[in-house]
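> Could you work out the structure for the sequence below:
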Amino acid sequence: MSGPGAPLNNVAAPGLHRGGAIEPGGAAAFTLAMPPAMSLPILIAVSHAGRSYPARLTAAMREPAWGAARLEDRFVDVLGEAMAQATGAALLVAQAPRAMIDLNRAPDDVDWSMVAGAGNRRAPHSAANRRARSGLGLVPRRLPGLGEVWKGRLALADLDSRIETIHRPYHRALSDTLDRLRDRWGAALLIDLHSMPPLRQPGHAGEGAEFVVGDRFGSSCAPGLAAQALGYLAAAGRRVAHNRPYSGGYALDHHASPRRGVHALQVEVCRSIYLDARLDQPGPRLPAVAKALAGLVRLLADEVAALGDPHAHRQAAQ
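Prediction:
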């Protein structure tokens, strides 16, 4: 097992691994639980639920409690843990908070005007930092209703450190795990798990989707996987949507490669169906939602295994 703060350069053994570092010599930036048997070709990843806030980070925020709660995928890691425990899927969970670095953004998706000492490293409004222009780039800058998240500008050395000690090790662990699962099964699936605020249907009085399944409009996985996920959730009586308003982000763009047998889906879960009425703490309906999602994992695992190479599967089982 890697010690706290140690980068995870290669996922070689089953068990609980800790990797990256929130601060130099500090707590691990993420944990990876690898079941011994790798009994499913599935990795569940949770990148936006981290709640390990260094004191210096909260001191730099204008409204730390409110801003942090708005940025977090509040307690969706609890759903991910329940799904993994029920199914035996691998589970990667970020402990570093999204306020510190957004692991579902590209490392160059930065609003460089918020970085002191950046100079001309990047044009402030290039195509690469399209999400940063909305205020939600690699380091979030603005939130609706709050405005600026930070009291001052971010030091360039601090940004570089977060990329090297959190972002790169997390995605290296994600990539290595998907490769191991693909080698074992012939195909692998990333379920990038997120949560969303309650949606409203434009032009309708009713409630919006409880789940949004994103596949980057068909590019991140075999077509049947998204269809199976949507059909399963709809048959369970859940309100579902496909790609709108969330089709997936950097994790799907960077890691999905269906031609190599690596598939990826983003699953957004409405916070109102698993949190309490204040959308603040896990609520009484969380176990039922986790059970439904565990069923989805099992269904997709069968579909992904069928996409794999049976010969490679037989070899791995020996």
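
> low pLDDT regions in the stretch 201-318 of the chain?
201-206, 310-318 (pLDDT under 70).

> And the strands in it?
In the stretch 201-318 of the chain, the strands defined using DSSP state E, counting those that start in this stretch lie at 211-214, 240-242, 262-270.

> And the stretch 1-150 of the chain, by the same measure?
With strands called from DSSP E, counting those that start in this stretch, the stretch 1-150 of the chain shows them at 15-19, 30-34, 42-46, 90-94, 115-116, 142-143, 147-148.

> Which other helices and strands does the second one contact?
Right, strand 30-34. Counting contacts by 3 or more CB pairs under 8 Å, 6 or more residues apart in numbering; DSSP states H and E, strand 30-34 packs against strand 15-19, strand 90-94, helix 168-185. Where C-beta positions appear, they are placed from N, C-alpha and C, glycine not excepted.

> Between these, which one is closest to Leu233.
For Leu233, the closest of these is strand 90-94, at 20.5 Å, according to CB to CB.

> and the closest one with strand 30-34, angle?
170 degrees (axes from the mean of the first three to the mean of the last three CA atoms, to 10 degrees).

> Tell me the strands beside strand 90-94, with direction?
With DSSP bridges as the test, strand 90-94 is paired with strand 30-34 (antiparallel), strand 42-46 (parallel).

> could you give the angle of that strand to helix 168-185?
Orientation note: strand 90-94 sits at an angle of 170 degrees relative to helix 168-185 (the same axes, to 10 degrees).

> quick one: contacts of strand 90-94?
By CB atoms under 8 Å, 6 or more residues apart in numbering, the surrounding residues in contact with strand 90-94 are 29-35, 38, 40, 42-50, 77, 80-81, 83-84, 103, 170, 173-174, 177, 181.

> okay, the angle between it and strand 15-19?
Between strand 90-94 and strand 15-19, the angle comes out at 30 degrees (the same axes, to 10 degrees).

> Could you number the chain from 212 rather than 1 from now on?
Okay, residue one is now 212; in that scheme the one you just asked about reads as strand 301-305.

> so how many other residues sit close to the closest residue to His259 other than its chain neighbours?
Counting by CB to CB, 6 or more residues apart in numbering, His259 lies nearest to Asp284, which is 3.9 Å off, once chain neighbours are set aside. The tally of other residues near Asp284 (other CB atoms under 10 Å) stands at 23.

> State the distance from the residue nearest to Met272 when sequence neighbours are not counted to Gly291.
Excluding its sequence neighbours, the residue lying closest to Met272 (CB to CB, 6+ apart) is Gly278, at 5.4 Å. Distance, Gly278 to Gly291, using CB to CB, to the nearest Å: 23 Å.

> for Ser406, same thing?
10 Å.

> between the strands of the stretch 212-361 of the chain, which one is nearest to Ile374?
Once the strands of the stretch 212-361 of the chain are compared by CB to CB, strand 326-327 is nearest, at 11.7 Å.

> and that closest one, what's its mean pLDDT?
The average of the pLDDT scores along strand 326-327 is 94.

> what does that strand contact?
332, 363-367, 370.

> thinking again about what came up before, using TSV, lay out the strands of the stretch 412-529 of the chain together with distance to Gln492 and mean neighbour count.
Output for those, formatted as TSV (distance: least, CB to CB, whole Å; neighbours: other CB atoms under 10 Å):
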stretch	distance to Gln492	mean neighbour count
strand 422-425	21	25
strand 451-453	25	18
strand 473-481	15	25
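
> is it possible to export those to JSON lines including distance to Leu347?
Formatted as JSON lines, the strands of the stretch 412-529 of the chain follow (distance: least, CB to CB, whole Å):
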{"stretch": "strand 422-425", "distance to Leu347": "16"}
{"stretch": "strand 451-453", "distance to Leu347": "20"}
{"stretch": "strand 473-481", "distance to Leu347": "15"}
